[in-house]
Every structure is written in C-alpha cells, then in structure tokens.
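1. Give the three-dimensional model of this entry:
(chains A, B, C and D)
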Amino acid sequence: MTAEQRQTRIIDEIVAANCLEDGMTVAIGEPSPMAMIRHIVRRRVRDLTVIGTGLALDLLIAGGCVRKVISYYAGGGYGVPVVPAFRRAAQAGEIDIWECEEGILTSGLEAAGKGLPFLPWRGGVGTSLPEVNPDLKLIEDPINGEPLIAVPAIKPDITLLHAAESDAYGNVRHCGGPGWIDLFLHRAATRTIVQVEKIISNEDIRSDPWATTIGGADAVVRMPYGAHPFYSRGYYVQDASFAQDYFSAAGSGGDELDQFLTRYCREPGTHADYLERIGIKRLLGLYEY
Amino acid sequence: MTAEQRQTRIIDEIVAANCLEDGMTVAIGEPSPMAMIRHIVRRRVRDLTVIGTGLALDLLIAGGCVRKVISYYAGGGYGVPVVPAFRRAAQAGEIDIWECEEGILTSGLEAAGKGLPFLPWRGGVGTSLPEVNPDLKLIEDPINGEPLIAVPAIKPDITLLHAAESDAYGNVRHCGGPGWIDLFLHRAATRTIVQVEKIISNEDIRSDPWATTIGGADAVVRMPYGAHPFYSRGYYVQDASFAQDYFSAAGSGGDELDQFLTRYCREPGTHADYLERIGIKRLLGLYEY
Amino acid sequence: MTVECSAQELMAVFLARDFVDGEHLQVGVGLPVPEAAVRLAHMMHGPNMELVFLGARMNVAHLDYLPLPAFGWDRRVVRWSESFSDRGHRFDQVKDWGRRVFFIGGIQVDLYGNTNLIGIGDDHRRLKFRGPGSVGTPTLTTHVGRYYIVLNSHTARTFVPRCDFISTVGWGGGGADAREKLGLPGGGPKYCVTPLCVMDFSEDEKRMRLRSLHPGVSLEEVKSNTGFDLLIPDDVPVTELPTEAELTVLRTRVDREGLLRGD
Amino acid sequence: MTVECSAQELMAVFLARDFVDGEHLQVGVGLPVPEAAVRLAHMMHGPNMELVFLGARMNVAHLDYLPLPAFGWDRRVVRWSESFSDRGHRFDQVKDWGRRVFFIGGIQVDLYGNTNLIGIGDDHRRLKFRGPGSVGTPTLTTHVGRYYIVLNSHTARTFVPRCDFISTVGWGGGGADAREKLGLPGGGPKYCVTPLCVMDFSEDEKRMRLRSLHPGVSLEEVKSNTGFDLLIPDDVPVTELPTEAELTVLRTRVDREGLLRGD
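-> Alright, predicted model coming up:
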C-alpha cells in the first residue's frame, strides 16, 4: 500500500452492504444504523449472529436474516415490552439466544478489544444466566476466592454504527456523545462501518480532537436521515408513529409484515429511494428543537 | 442530609490539603496537581503510598512523604531518564516499589472501579514483573488456558487531579481531553479532589454535557496556575527551566534540595503565596499560543 | 380516598418520600412510576439528588417541567444533563453505587424478591412466554445501595413461589446473609410496590411481608392475588396518602399529561 | 561518509525506510531518533500512516514543520491530532495493534532481544542502578505487529548475555516459537539499531545477528562493545546512506533544530 495522497474511507452504500456475508456476527449500535439494516434485509443475508436490540434486531429477524441473538434486551422502548418478531421466533425455537445482560456483554466486548480470552464480571452471579448460557463460566477469583462469572471474548466481524459526522478519513463524531455501547462494539469488532448524517472537513475534526469519538473507522457511508425511524442526535428525533406501524405489522406477521418489508426494505434499492418513499415533509417534521 | 439549596463542592485549599493523612494511598493525575503536592510537602504528611510519576512523585519523595511507590515510570520527560530523589531513595532501599507497567496499573484501577477483586492482563507475561511484585499472580485463563497476569484491585484513598474547569457542583472539564490516566484514577478512588484553573457556570456545563470529563467530583479547589511548573491544557505550557531547576537541586540533594523545598513548598502558606514567589511575569510567559 | 389520586400516583408519592437528598436515582426505560417518583422527590426535597437516565446525570430541580416519559434517550430531555456519568463506560464505577438507588420490574417475582425478565417456561430454548431479557438489572441490583421492585399489576401469575428463571437476585434462597454468601455487595430490594400494596422483607428470613395496604384494598384481595404465602404482620396500616403539595408538584411539574392517572 | 550525516540521522533514515504506508507508528517520550524516523517516513512516503503520541493520533504529512521533540504531550503539537485514539482507554483496542509499530530503548538488552528498564543489580529492593520502570512497554511489545530496539549508545554494559530483570520479552529464551509459547500475539523485535550498526534476529534461534555496519564502523568495534557473541554473517554490508532528498526533508521539515546532529 503506497499512495501519494491520503486515501478516503468514504464508501458507497452498496459497497458497504456487500461487506455483510451469511453467517457473520454483526453488532448494531445505538441509535440503530437503519439504512444498513434495510440493506441486509434487502440482500436477504442469512444466518447472522446479531448483537442488537429493539426495532433493528426485530427487522432483521422478520427479514429471515438471523440465526442467533446475543441479547440483553429485546424491548422496543416505552409501550413495547418485547419486540414481536423476536418474541415469536424465540418462542418457536427458531433462533438461538445467547442470554446475557449489559455488563456481561460489555465485558465480553472489552475482552475482545483488550486481546484477552475473557474478563470477569460480578453482575449475574446467583442468577440463571450461567445456567441458560453455558459459555458463561462461574469461577473463583484468584485473589480472594470470590464467585465471579468469566465472560469469553465477543468478537463481531462487523460493527454497524450510525453517527452524526465524520471526515473523509473515518474520524467520527457522535453528537452528544457515543451513547453507552457504540465504542465497545467498535473496539471489539474486526471491522467498523459507520453511516453518518454528514461528511465534514478534516480541519473541522482537528479543531477539537477530543470530540472525535472513533478515530479512523474502517469505512464511512454518507447516509443523511440514515437512522430513520430512530433519532440521530443533533439531527432529528424518533419517528414514533412509523416505529408503531412497524411493530403493528410485525405483531400481525404474515402478509402484513411481508408488505411492510417489501415496501420499506426490499423495493427501495438505495437509501435515497427509501427516503423518497418516506417523504421529505415527514422527515422535516422530525427536527429536535 | 437535607438542604433547600444545592450544595457547592468548592472547598478551600487548606481544607483540601487537610484531607491528606499519613499512610494514605494517594494517586496523582496528569498534568500533576502541583499546588496540592506542595501542600503535602508543606504539611509533612508521612508514609504515603503514591501512584504517580515524574516531578510530582519526586518532590513528594524529596519531601520525605513517601513510603511506597506504585510505579510504571519514574522518568522526568526528555533529558531526565530517571527522576533524582526517586532514584536515590530506591537505590538506598528507602522506599518500597510496587513494580508494574501502564496496562497492569490501569487493570488494577479498573478492577477497583468495577468492584472486582482483580482483572486479568496479558502485558507483562514472560517479564520479571510477577517475580519482583508478588501481588501479580500468573494464572491460566478459565476459557482457553492462556497464561495471563491477575492484577489485584488498586484502590487509592484520594485521587488528586488538575483540570481546566469545573462548575460549583464538581462537574469537571479537562480541556483537550483528560489524558490517559485521570479517569482511571478517579473511578478507582474513594475520593477525588480536583484543582482547576477556573470555576465556570452550571449552564456552561449543561451546554455540552459530553464535554464533562468527571461528573460530580467529590471536591473542587480553585487553583489558577495550579499545575505550575507543569502545563495545563488550554491555559499554559510547561515551565521547563523551573523543572530543570528542581531536577538540578534534587540531583544535588542535601542543602540545595532543602533550600528549594523551603523556598517553594514550605514557606508559601497558600498557592497564591507560591505564585507571588514565582512572579506574574514568569507565569504570563507560559502562554500556549 | 379523601385526596383523590390514582394508584400509580400513590405509588410514586410513596417512593418519592423514601429517597434522601444526595442520593443517585437511576431509572431505566419504560418505568413511568419510578420516573415520576424520582423527579417528584428531586423537586420536593432533593436538590442534591442526581437523576441518572441511561447514563445521563441530571440535576433538574430548577426546571419547571420536563415531559414524561421517554426521559432516557430523547435529546430534548437529556440535553439537561450535566454529564454522561460513564462517558461510554456505564459500569466502570460501580464501586460508588452504594448511594445509588434503582428500580426493576419483572414478569415474575418470588417470595424472596428474586425476579425474572428472561421468560416463562421449562425450556430456555423454547420459552412459553419470552421476556425482554435482563437489560442491566443483574449488574445494577448487584451493586446499588438498595432497589425497589415496582409493578403495574399485582397478580398470582406474577407473584410466584419460585421464578422459572432468575434475572436478578433479591434474597436468593432466603436469609439475611443470602447476598453476602454470593458476594453481592449491594443492599438488595427494600420494598416491592404494586397497585394494591407495599411489601418489604422480613429481617431474618428475608421473606416478602405485607407492609401497608393502599386505601380501599382488602387483605383478602392481596392474598388471593399473590401466588405464595405473604407474611402478614398483626397490624397492617394503610399506605399514607399524598399531601396536597405533593400532588400539586406531581401534576404540574412532573406528570402534566396525566400518564399516572391513566388520562 | 560521502553524504555527511550524523549516526543518529543515519539511524532515523534507516528506520524510516522500513515503515510501510498505512501503518500506525507509536513513539513514547524521549526517543528522538524514532520520533524523527516516523515523521520522516510519514512525509516521504506515508500519507496514510498514523503517528501515535501518547494516544494522540496524528496525520500531519501536510504540515511543513513541527518542533522536535516533546511531541507527546505539548498541546502546541498534539493540537494537530485527529483523535485521542483511546479517549482515556489507551489499551482498550490492542487487538488492532497488528499494524502498529513501536520503539523501545533499554538499560540492558540481551542476545534474544529481551530488554530491561527496571534496573541493574541482584536485589530488586535495593538496586545498584534504578531504571525508569517499564512504562507501557510490556503491553505494547506484547501486541504490536513489530517493534524496534533503538539505543543511543552501543556498549558491553548495555548488551549483556542476560538482563538482570526483563521488562519486555523479545524472543525469551530463544527459538521462533518463544513468543507463541508465552501467548504473546505480537510479532516481536525486528531490528536493534545503534550508533554502530543494525542487528536483526536469526530465523531459527532468534539470536541477535549483525545485519549491517554503519559507514566507518569496524566489525571489531561492534564485537568489543557487545557483551555477548553476536551472530556474524559471512557478508556484512554497510548501512545504506541517506539520499539527498531524505536528508533535506529530515533537516528542513523534521529536525530543523539539529537535535540529531548534536547541534
């Protein structure tokens, strides 16, 4: 690799989508990178292991893309205790569930980032988690003999994130902070692809280096409104009624769900096609302030 | 604890200094909170266990305050491979050295913050560290049997930091980021006292919550130029010639060192007295840009 | 009730009174009663309280009003925060959680205060009823100074002798040393609050015990809706009603939309 | 030398040529030769290199000049960074260090490239000569794709058969599987560069081996200043001199003050 010029890390959304292959472990950040999620459903990628929650996870299950879920929470926020396609698939035994909780998940991700085979964690001691997830081993700590859980390293093949901004070289800024999970998912993954609202100049990044939340993501995809129907901090709020439409269709299943997937995931070939279908007026109505 | 009004966390420097007691474990952040360090020397606190480096560590040893050093690096930056009082005391066997390295130190601090008795680390496997520091235990990881080091939790009684700004409620901002160690030291400690260049309004803090590097430090001390002769990001650069004067005095030891300590640590009763002795012209010459 | 209020309002006020100024009160998503309770306490008597929502540390006693619910992630709300306490490191400072207070729900709760968010059934690979999962409740309940079990309904289907799966350990198999034996440093569940009553845990056995009945609720109603033998003290008081002042703050500064009144 | 340059300049240019565009080059405090080397490579042929100084990720090929040294923490310099790669989590992403390159010094270096920053003596509690300590070198050298041992002097006091204490494992007790047996994923030391010569490590034994002599340095000079038997190949070339172009960039854009010329 030699180059006279510094190389851009901006890639086309189709190129990004084609990085996803059957059987991969894919981690989904918060807010959800919905444009990439829709591409996965459109491409009918199969047998994924998914680290994710809520609507994004549910859409992937509804689209038939998921074999296994690394799950600490499958609620859809206020009013949706458990997302419908997940519940149906779980109760039918159609997906494997690697049962965990937030501290166990982040411990496994941290172990991967730190190049360690495991990290210990206390949360979960005494619960059913080690019983229903045999990868979690009860250990005695080597110092005081306290009971702890050894969490094996969790290594996503690809982490998909949505953030506010990036320069052309993968220096990413989350507006209002990277939330609680994105950096863990990024550090643990072999590759991180970030869809962003906006590409900004390298000088802008250098003006406040500490604001950079991910320095040098592997690839960046320009996706304005790319988190819809989720919020994107600094840009728009959640489209709650659209999310409700999805949960309603997913709850019904069958034809109604299939029509939803066709209309919003399969037919639009690009993210711009999807936005066209949503309509600019609706999008403009989602301003934060 | 009931109060009609929200309580300030700003405390007087003498009140802060009096928090330090003989025998405590004290962690020193980067840049060094030199005003507090000088107070420790002035008060002749004894038998401290110190987590720190460079000039701050050396001044505490020169002042006779230190029994044990948790040490990964005792250089003084470019041109000072090993700080003088530390070297002298170490070679004379006058201080205990808990030999470690950066990843082992942060693992021990992280363990404390996470409420764990230990964390495993790979860096140091194969070295003399576990041999010269029996608290570091060689273990086999419970998943793959890989050799690792179990680092016990490191719990400072007090962490002393220097940062750019804070509001009255201990919401601290490091300008240009908190460096690599301050947050680890803070999370592990029973109590964190932060000396700051400037107190800012709570509204200023709320205008960019993600910029807050420590939310709710236990106590804040107003100490403009408080890191001198170190840099304070956003305010001033290192006073290299003053540091050189110290290293020269410490290298000589005896009367010369004693005079330095008297002049700069023991005689000035307050930080303002110290600054008076340094002189405003010298301080104004340390601007960053 | 002489002061007209809904069961959820009563629950929120009961909880609010139990919080002490200076505590850190953390509420997860989708728990409107605890959310209202911590905000009410903060405004009534807790100027030094910190409200923690998905890692955002907020001190908002000076604000007239904030929308309820969806407190946790909506930027229009968390813009009022002073820091993200974890800065992406949610669980890197659990050692300080002794003064933190937390709240959990559950699809099952047993007589020792263990709870279940995983699911109902015999076989984890094919649950009869799949729950949302444990979220961060195992870690939070392991470390926080105390927590409250807050449920929006009180039925024998929820209050079971033994959870099918345990996602948070309350008092394990019972006994005051149950948590200590497991090495869990936190203080465990203090109260279980439902639309019918308040329950606590007995000192020795740590079995669930009736503490007060909400106005108009009979002992029989509680017993028949609880799937295990609740300890019943000789004297069971009625849960104290909200004051006018509390209801005023609750309805004008916390829950203006009437979420807790079912409006 | 036909092109006049100092030994340190020669060392910096030798190193610079060994770096590949796209690599991450991390330099600690107080190592002016590696610091100059990575900046030279970055400007000569590495627009996609990342320079990492105390966690600050910099890509500064477009800048005419930056002061040398004190690159690591002076805000007048690190203001040019694009991120703090770790954001306070220096070692949270070591799994990606396969393409990272690092540099270490040492107060002792042994024939398998193990090094010592701890001290000299028999008794750790009372060292004859106390070193600075290991800094982050054990972790860095455990994980980085490769590293270089760079010394400012070449004496038999430094190059010893066995270090009194080992702060970084090179090839342990020798053998190509020495690191693998310890579970160390990084690639180990590639070259040892001094003012006299360049050394590498033999393929099987991983013993230190002379690779090239700097112009004007005799084999005997190296041998008599090395405290163990260095492997000497039949044919030992002379270290290649810098080109005019390299020296020009080094002296005008990297080391304007002449630190490497001893000015």
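
2. Just want the residue of chain A that's nearest chain D.
-> Nearest residue of chain A to chain D (Cβ to the nearest Cβ) works out as residue A:215 at 2.9 Å. (Glycine included, C-beta is placed from N, CA and C.)

3. how about the residue lying closest to residue C:92 once chain neighbours are set aside, phi and psi?
-> Leaving out its chain neighbours, the residue that sits closest to residue C:92 by Cβ to Cβ, 6 or more residues apart in numbering or on different chains is residue B:113, at 5.0 Å. In terms of degrees, to the nearest 10, the main-chain angles of residue B:113 are phi -60, psi -40.

4. number of nearby residues for residue B:113?
-> Residue crowding around residue B:113 was assessed by other Cβ atoms under 10 Å in any protein chain shown; the count is 26.

5. Looks like it contacts residue C:95 (just checking).
-> Yes. Between residue B:113 and residue C:95 there is a contact at 5.9 Å, judged by Cβ atoms under 8 Å.

6. between those two, what contacts are shared?
-> Each of B:187, B:188 lies in contact with both residue B:113 and residue C:95 under the rule Cβ atoms under 8 Å, 6 or more residues apart in numbering or on different chains.

7. Can you name the residues that contact the residue nearest to residue C:92?
-> Applying Cβ under 8 Å, 6+ apart, we find residue B:113 in contact with B:184, B:187, B:188, C:92, C:93, C:94, C:95.

8. With only the CA atoms kept, save the longest helix belonging to chain C in CSV.
-> Longest helix of chain C, by residue count under DSSP state H: helix C:32-45. Output in CSV follows, covering the C-alpha atoms of helix C:32-45 (Å, rounded to 0.1, in the frame of the first residue of the first chain):
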residue,chain,number,x,y,z
PRO,C,32,-43.2,5.7,34.5
VAL,C,33,-44.0,5.3,38.2
PRO,C,34,-40.3,5.3,39.3
GLU,C,35,-39.6,8.0,36.8
ALA,C,36,-42.3,10.2,38.3
ALA,C,37,-41.2,9.3,41.8
VAL,C,38,-37.6,10.3,41.4
ARG,C,39,-38.5,13.6,39.8
LEU,C,40,-41.0,14.4,42.4
ALA,C,41,-38.5,13.7,45.2
HIS,C,42,-35.9,15.8,43.4
MET,C,43,-38.3,18.7,43.2
MET,C,44,-39.8,18.3,46.7
HIS,C,45,-36.8,17.7,48.9
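
9. what's in contact with that helix?
-> Against helix C:32-45 from outside (Cβ under 8 Å, 6+ apart): A:78, B:2, C:8-9, C:11-17, C:19, C:21, C:25, C:27, C:49, C:51, C:59-61, C:66, C:68-69, C:71, C:101, C:103, C:148, C:150, C:152, C:193, C:245-246, C:249-250, C:253-255, C:259-260.

10. again, only using 7 Å
-> B:2, C:8, C:11-13, C:15-16, C:19, C:21, C:25, C:27, C:49, C:51, C:61, C:68-69, C:71, C:103, C:148, C:150, C:246, C:249-250, C:253-255, C:259-260 (Cβ atoms under 7 Å, 6 or more residues apart in numbering or on different chains).

11. Tell me which of the residues you listed fall in helices.
-> With helices taken from DSSP H, the overlap with these comprises C:8, C:11, C:12, C:13, C:15, C:16, C:246, C:249.

12. which one among those residues gets closest to chain A?
-> For those, the nearest to chain A is residue C:8 (14.6 Å; Cβ to the nearest Cβ).

13. from what I can see that closest one touches residue C:258, true?
-> No. Residue C:8 is beyond contact range of residue C:258, at 10.3 Å (criterion: Cβ atoms under 7 Å).

14. Settle it for me: which of the two has more neighbours?
-> A side-by-side neighbour count of residue C:8 and residue C:258, using other Cβ under 10 Å, places residue C:8 first with 20 against 12.

15. coming back round to it: out of the ones in helices among the contacts of helix C:32-45, who's near chain B?
-> Among the ones in helices among the contacts of helix C:32-45, no residue is within reach of chain B (Cβ under 7 Å from any Cβ of the partner chain).

16. For chain B, state which of these is nearest.
-> The shortest approach to chain B among the ones in helices among the contacts of helix C:32-45 belongs to residue C:16, at 14.0 Å (Cβ to the nearest Cβ).

17. what's around the closest one, how many residues?
-> Residue C:16 has 26 neighbours, counted by other Cβ under 10 Å.

18. Helices along the chain, start to end?
-> The chain I'm using is chain A. Going by DSSP H, chain A shows helices at A:13-17, A:34-43, A:54-62, A:84-91, A:102-113, A:129-132, A:182-188, A:202-206, A:240-252, A:254-261, A:271-278, A:280-284.

19. ah, no, chain C please
-> Under the criterion DSSP H, chain C contains helices at C:7-17, C:32-45, C:75-78, C:137-143, C:178-182, C:219-224, C:244-249.

20. Deepest-packed of those, please.
-> Highest mean neighbour count among the helices of chain C (mean count of other Cβ atoms under 10 Å in any protein chain shown): helix C:137-143, with a mean of 28.

21. Next one: the nearest residue to residue C:224 once chain neighbours are set aside from residue B:178, what distance?
-> If the residues on either side of it in the chain are set aside, residue C:224 comes closest to residue C:156, at 7.3 Å by Cβ to Cβ, 6+ apart. Note on residue C:156: its distance to residue B:178, by Cβ to Cβ, to the nearest Å, is 52 Å.

22. who has more neighbours, the two?
-> Per other Cβ under 10 Å, whichever of residue C:156 and residue B:178 has more neighbours is residue B:178, with 27 against 12.

23. Quick check: that one touching residue B:217?
-> No. Counting by Cβ under 7 Å, residue B:178 stays clear of residue B:217, with 11.7 Å between them.

24. List the contacts of residue C:227.
-> By Cβ under 7 Å, 6+ apart, the neighbours of residue C:227 are C:156, C:159, C:160, C:161.

25. Excluding chain neighbours, give the residue nearest to it in space.
-> Excluding its sequence neighbours, the residue lying closest to residue C:227 (Cβ to Cβ, 6+ apart) is residue C:156, at 3.9 Å.

26. again with residue C:47
-> Once flanking residues are discounted, residue C:47 sits nearest to residue B:6: 4.4 Å by Cβ to Cβ, 6+ apart.
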